[in-house]
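give me a model of this one.
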Amino acid sequence: MNEVGKLESKHDGAELHFGLEGRPDVSIIVRTYESEKFIGDALTSISNQDFVGSIEVVINYPRGTKDNTIDRVYEFINSLAKSKKHNISVTIVSTRKMNASEAFREDIRHATGKYTATLDYDNVYTENKLSAQIGFMKANGLHFSFTNYDMADINLNKIRFMLHKPGKDYRSFDSLLKKFFVDANTVVFDDRFKRLLFKAYDVIDPLPLYKDIFDDYLMGFIALFTGNLNLLEKSLVLYRVSGFNSSVLKGGEPKEVVFDRNVRLNAYVQKTFAAFIRINDRLHLTSKRLGMGSTLNLSSRPLKASFSRYGIVSSGRGSRARR
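Numbering: from 1, shown residues only. Below is the predicted model of the structure:
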């Protein structure tokens, strides 16, 4: 049986590892599914990084993938060997087909770097993505940061700026709810923030809505709650919009691309808000123990005013959603 066959036959979390041993400086999680058309661009953008340090690429490979995604991954591994890029290792993680939240939780278990980043298979990094963002975090003692991004068509030609651009008040609860702008492709976080993520998953795991909670929402709200929502105002990701007409994107915001904010808020954020409140309460001691500050006092006057607009009643340090 070849290596891919062995990987297909194993349980969730089985690994194949290629390249460097030892702890990398940064891990980049790349999730795949039927992604042979675009994943080569994503992986090439990683190998083209001007970052000085070791990089671990963690590839989520769902068993049962029917296209040639794994062939593209092995082509990338072979290209690294030929180009003598010895600072990049690749770990392929075998999983069943998972939704975004489940996959993210599994993937960060396998990411061993001092910092962790994520990249969807159809998007690409700019060459200075890691060096600029990690340099920004080190210079300012940050545990979590996100950046701007550019929209691109299927051929990676820029077509417009962000769907949702952070405003000056981006660190406010209202701003994050009304116009969610933390895209997972732009995020980098350190070990301490990762520990907060695991704590958050422990809190929400028993909840029936756990699988509905998007990973970027989870990271964004945890960063807000713990005072770690930090924006580097540079565009360091090309976000490929496939399946849509780029001329339409240039002229407006079709509903297929831009979520209707009211629908997104009512159907998702209100539905899962109780989970975020539980997370905030439970992270309070963990965050202080990690030296990352206290979580938000959700009963403060400004937040109570925000909550009332969304049908949420504040109660003590936490809050509860109106039924």
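
for Ser89, give the beta-bridge partners.
Taking DSSP bridges as the rule, Ser89 bridges to Glu56.

pLDDT score assigned to it?
Model confidence at Ser89, given as pLDDT, is 91.

what is the neighbour count of it?
21 (other Cβ atoms under 10 Å). Any C-beta I mention is one placed from the backbone N, CA and C, and that applies to glycine too.

residues contacting it?
Counting by Cβ atoms under 8 Å, 6 or more residues apart in numbering, Ser89 touches His17, Phe18, Gly19, Leu20, Glu21, Pro24, Ser54, Ile55, Glu56, Val57.

run the last query once more with 10 Å
17-22, 24, 27, 54-58, 77, 80, 112 (Cβ atoms under 10 Å, 6 or more residues apart in numbering).

before we move on, what about Thr147?
126, 129, 132-133, 136, 166, 182-183, 185-188, 230-237.

returning to what we had before: pLDDT check: weakest of the contacts of Ser89?
The member of the contacts of Ser89 with the lowest pLDDT is Leu20, at 72.

returning to that earlier point: write the ChimeraX selection for whichever of the contacts of Thr147 are buried.
Selection command for ChimeraX covering only the buried members of the contacts of Thr147, criterion 16 or more other Cβ atoms under 10 Å:
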select :126,129,132,133,136,166,182,183,185,186,187,188,230,231,232,234,235,236,237
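
mind listing which of the contacts of Thr147 are in helices?
Those of these mapping onto helices are Lys129, Ala132, Gln133, Phe136, per DSSP state H.

could you export those as JSON lines, including pLDDT?
Below are the ones in helices among the contacts of Thr147 laid out as JSON lines (pLDDT from 0 to 100):
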{"residue": "Lys129", "pLDDT": "98"}
{"residue": "Ala132", "pLDDT": "98"}
{"residue": "Gln133", "pLDDT": "98"}
{"residue": "Phe136", "pLDDT": "97"}
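
dump those to a markdown table, plus distance to Ala42.
As requested, the ones in helices among the contacts of Thr147 are exported to a markdown table (distance: Cβ to Cβ, whole Å):
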| residue | distance to Ala42 |
| --- | --- |
| Lys129 | 12 |
| Ala132 | 18 |
| Gln133 | 17 |
| Phe136 | 22 |
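
for those residues, which one is nearest Met151?
If you rank the ones in helices among the contacts of Thr147 by distance to Met151 using Cβ to Cβ, Lys129 comes first, at 16.3 Å.

all strands of the stretch 51-200 of the chain, in order?
Using DSSP state E, counting those that start in this stretch, the strands found in the stretch 51-200 of the chain span residues 55-62, 88-95, 115-120, 124-125, 144-152, 158-160, 188-190.
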